[in-house]
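Asker: Provide a 3D model corresponding to the input given below.
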Amino acid sequence: MAAQQDAERQGYTQVLWLDGIERRFVDEVGTMNIMLRIGDEVITPPLAGTILDGVTRNSALTLMRDWGLKVSERKIAIEEVMQAGRDGTLAEMWGTGTAAVVSPVGELGYKGETIRIGGGQTGPVTQRLYDAIVALQYGRAPDPHGWMSTVPVPVAA
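Answerer: Okay, the predicted model is just below:
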């Protein structure tokens, strides 16, 4: 709670959590899984203890791999993220979660430094994921993975 309150005082809506041991590796954003696109690689932390194996996370990873994107599940240090922000290779950053679906991150602050991500705009992969997942949720897109189930609606008497 204290970290969230501190983030809000600084004008942020979420906290990017780092690992609890070294406090160096990106973990999650708020209660969502975090994903970043640095150059041509999409990176998300691996499932290693504290990371929730979320349905939306898995759906996003599957879709991006279907689209031929380079996707890595690996540790990523906050310093690597900040350096990518400084040199302009941090193209996109987003959280995935059940309620949020796909939520872009437009700005990141760390140790008094602030970086804008993608000019503060929703990036193309972020938008494509959002559109694809929502289309599946509402049955407006084909489901090649068998993720959807038909739920019969009882007829009123």
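Asker: Mind listing what's buried along stretch 90-103?
Answerer: Within stretch 90-103, the residues scored as buried using 16 or more other CB atoms under 10 Å are 90-97, 100-103. From N, CA and C alone the C-beta is placed, and that goes for glycine too.
Asker: Assess the claim that A91 and G39 are in contact.
Answerer: Yes. With contacts counted by CB atoms under 8 Å, A91 reaches G39, the gap being 7.3 Å.
Asker: Just give the number of residues close to D6.
Answerer: Look at D6: counted by other CB atoms under 10 Å, it has 11 neighbours.
Asker: Just after whatever helix or strand it lives in, pick out the following helix or strand.
Answerer: Using DSSP states H and E, D6 sits within helix 2-9. Next along the chain after helix 2-9, taking DSSP H and E as the criterion, comes strand 16-18.
Asker: Show me what that next one pairs with in its sheet, parallel or antiparallel.
Answerer: Sheet pairing of strand 16-18 (DSSP bridges) gives strand 26-29 (antiparallel).
Asker: Show me what the partner strand is in contact with.
Answerer: Contacts of strand 26-29 with the rest of the structure, by CB atoms under 8 Å, 6 or more residues apart in numbering, involve 14-20, 34, 36, 45, 50-52, 76-78, 81, 95, 105.
Asker: residues making contact with stretch 137-156?
Answerer: So stretch 137-156 is contacted by 59, 62, 66, 101, 132, 135-136 (CB under 8 Å, 6+ apart).
Asker: now do the same end-to-end measure for it.
Answerer: In stretch 137-156, first residue to last residue: 25 Å (CA to CA, to the nearest Å).
Asker: Stretch 130-143 now?
Answerer: Per CA to CA, stretch 130-143 runs 15 Å from first to last residue.
Asker: How many residues are close by E107?
Answerer: 14.
Asker: which residues of this protein fall in strands?
Answerer: 16-18, 26-29, 32-38, 41-44, 70-73, 90-97, 101-104, 107-110, 113-116 (DSSP state E).
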